[in-house]
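Visitor: Quick one, fold the following:
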Amino acid sequence: MIAGFLVLIAAIVIRLDAEPLPLPERIALPQGAEAMAFTQGRDWIAVVTTDDRVLIFGRDGALRQSMEIELQ
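Guide: Numbers count the residues shown, from 1 in each chain. Modelled structure (predicted):
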């Protein structure tokens, strides 16, 4: 059980030290934006940035929509 706990801690540390999120090459983020997460739909790609925005791109890489996330 102790070994399993140590492996879990090591996995978390490795994950936190990971490189920035690799996005598809056709996606160009706005100046200063850094990707935190992304997901894909049939004809769109959504990118969540570290400055609390959601950017929706078409499959061709064109920015379709930008939304700010309001934290309460």
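Visitor: if I pick the closest residue to E34 other than its chain neighbours, what's in contact with it?
Guide: Using CB to CB, 6 or more residues apart in numbering and skipping residues adjacent in sequence, the residue nearest E34 is T50, 4.7 Å away. Yep, even glycine has a C-beta here, placed from its N, CA and C like the rest. Residues in contact with T50 (CB atoms under 8 Å, 6 or more residues apart in numbering) are A33, E34, A35, M36.
Visitor: What strand or helix carries the residue nearest the centre of the chain?
Guide: Centroid-nearest residue in the chain, with CA atoms, centre = their mean: A37, separated by 1.7 Å. Per DSSP states H and E: A37 is located in strand 35-40.
Visitor: pLDDT averaged over that strand - what is it?
Guide: Averaging pLDDT along strand 35-40 gives 88.
Visitor: how far does the helix or strand that it is followed by sit from the chain's center?
Guide: Using DSSP H and E, the helix or strand that follows strand 35-40 in sequence is strand 44-49. From the chain centre to the centre of strand 44-49 is a distance of 7 Å (CA atoms, centre = their mean, to the nearest Å).
Visitor: buried residues in strand 44-49?
Guide: By 16 or more other CB atoms under 10 Å, the buried positions in strand 44-49 come out as I45, A46, V47, V48, T49.
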